[in-house]
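> Got a predicted structure here, sequence first:
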Amino acid sequence: MKKIFVLIFLLNFNFSFGQKYQVENVVVYAWEDVIHANPDTIYGISFSKLKLAKLPDELKLFRRLKVLDVSKNKLAELPDFIDEFHFLEHLNLEKNKLINFPVRVCKDTSLRFLRLGKNLFETLPNSIELLTNLEYLDLYDTPVLSFPETLVKLTGLKEIDLTGIRFSASFQESWTKKLPNTHFVFDSPCDCFD
């Protein structure tokens, strides 16, 4: 009985720290460990915390990536080749300097988990509807003002994290109705007008 309790506790512990939206069975390597590796054998790469303003051109050789973590850098934009990763399921762009939503990622239709928290852009593109496999969208603490109506086409979307952004109660209610199968993580509504 103790083993079952410990297992349930550990599962809940992992889920509470965002582990539920991960690609399973993919080893994520640091960039310096794979620079000279065969690109066809690498499925996960992390550039996290490298203070990069630009991703290296050599990254485009790793076309079989399923996981790409470029969080905690200084990226204002993504390279043009980002839309050539046709197997990419998890893209982490948290804590960068993106002033525009990276529209090119909308061509990566295999994306399931897109993390864009703590960036600078204020709008989502209409083309977000192309991310038909998207399950999780993280926009926490990014000053998004509104959503395009095309967002309702993402019927497989399980969760959108909008913590750190204040929306009116009517905005929250409206989007909760438009996407009834999606869990919205909102902060308390503001007393602002729509």
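Received the coordinates, thanks. Residues are numbered from 1 along each chain as shown.

> Can you tell me how far residue 145 is from residue 122?
Note on residue 145: its distance to residue 122, by Cβ to Cβ, to the nearest Å, is 5 Å. For glycine as for every other residue, the C-beta is placed from the backbone atoms N, C-alpha and C.

> Over to residue 148?
Remark: distance between residue 148 and residue 122 (Cβ to Cβ) = 12 Å.

> ok, which stretches of the protein are helices?
2-16, 31-34, 169-178 (DSSP state H).

> And these, which one averages the lowest pLDDT?
Here those differ in mean pLDDT, and the lowest is helix 2-16 at a mean of 38.

> quick one, what contacts residue 106?
For residue 106, the contact set (Cβ atoms under 8 Å, 6 or more residues apart in numbering) comprises 125, 127-128, 130-131.

> again with residue 109
Neighbouring residues of residue 109 by Cβ under 8 Å, 6+ apart: 130-133.

> Kindly report the same for residue 166.
If you count contacts by Cβ under 8 Å, 6+ apart, residue 166 has them with 187-190, 192.

> just the strands in the protein please.
29-30, 44-46, 67-69, 90-92, 113-115, 136-138, 159-161, 183-185 (DSSP state E).

> Tabulate these (a markdown table), appending mean pLDDT, mean neighbour count and distance to residue 172.
Conversion of the strands of the chain to a markdown table gives the following (pLDDT from 0 to 100; neighbours: other Cβ atoms under 10 Å; distance: least, Cβ to Cβ, whole Å):
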| stretch | mean pLDDT | mean neighbour count | distance to residue 172 |
| --- | --- | --- | --- |
| strand 29-30 | 96 | 14 | 39 |
| strand 44-46 | 97 | 20 | 34 |
| strand 67-69 | 97 | 22 | 30 |
| strand 90-92 | 97 | 22 | 26 |
| strand 113-115 | 97 | 23 | 21 |
| strand 136-138 | 97 | 23 | 16 |
| strand 159-161 | 97 | 20 | 11 |
| strand 183-185 | 96 | 13 | 7 |
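
> Out of those strands, flag the one nearest residue 37.
Residue 37 sits nearest to strand 29-30 of all these, at 7.8 Å, using Cβ to Cβ.

> Listing partners with orientation, what would you give for the closest one?
In the sheet, strand 29-30 lines up against strand 44-46 (parallel) (DSSP bridges).

> Flag the shaky bits of the chain, pLDDT-wise.
For the chain, the stretches flagged by pLDDT under 70 are 1-20, 192-194.

> redo that, cut-off 80
Residue ranges of the chain with pLDDT under 80: 1-22, 190-194.
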